[in-house]
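Engineer: Kindly generate the corresponding structure for this input.
(one chain, ligands or ions: 1)
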Amino acid sequence: MRCPICGASQRVDVSRPPGDCVCASCGALAWIGPRVDSTGNVRAAIEQSVEELSQLCRRDVPVEQIGDVLVKEVTHCLAAHGAMLWLGDQTRRRPRGKRLRLVAATGRCDDTPRFAEEVSETQRDELRKAIAEGQEVLLIGAPVVRNSRVAAVIEVLQRTGSRPTAQRGYLRFVRKVAEIFAGCSALSMGES
Ligand SMILES: [Zn+2]
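Structural biologist: Model prediction:
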């Protein structure tokens, strides 16, 4: 079975008691024991999380509610320290540098929008080492682009010490979540 985050292949012992199964290569939560169906197939926990998020994005629920699920799922799947969702200002009237507001957060957080502002500015994924609350972390940021504008930014505080392949996997995953969230109908509120 392949890890959906880093792509590493490995054997998974499904006969073990139910519980989280962590990818030995990247540390992401790869599979969950209880999600073994009657035919014995193991469903990837990450793929299931992504599917649940996609379904929620198609429903008419407030953006804060989706954001809450999004940050929790991302943190859980990546076994990260924490995650945040910053929402862009729809009116574009706020001064430069104050265009993002925090709508959802879980776990350990970065208390300034600086990194998210940068991601919003460049409209590109970012991955870099930083210090948060005195500890080294890997910051991962992905813009949520809608109608060529950055509608939101997803920021993740990830564990350090991972290999480049794992890091690329984390980034790919956060980008995928950003793409799903970009299609969210709740984001259209306030758009002219
Ligand atoms: Zn992995």
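Engineer: Where does I154 sit: helix, strand or coil?
Structural biologist: Under DSSP: H, G, I helix; E, B strand; the rest coil, I154 falls in the strand class.
Engineer: Tell me how many other residues surround it.
Structural biologist: As a burial measure, I154 scores 26 neighbours (other Cβ atoms under 10 Å). (Each C-beta comes from the backbone N, C-alpha and C, glycine too.)
Engineer: How about the one 5 residues further on?
Structural biologist: Burial measure for R159: 17 neighbouring residues, criterion other Cβ under 10 Å.
Engineer: What of the one 3 residues further on?
Structural biologist: Counted with other Cβ under 10 Å, the neighbours of S162 add up to 19.
Engineer: how about the nearest residue to it, chain neighbours excluded?
Structural biologist: Distances taken as Cβ to Cβ, 6 or more residues apart in numbering put C26 closest to S162, at 6.0 Å, once the chain neighbours are dropped.
Engineer: give me the element the one you found is part of.
Structural biologist: According to DSSP states H and E, C26 maps onto no helix or strand at all.
Engineer: Per-residue pLDDT of it, please?
Structural biologist: Listed pLDDT for C26 reads 87.
Engineer: what's the answer for S49, then?
Structural biologist: We note a pLDDT of 84 for S49 in this prediction.
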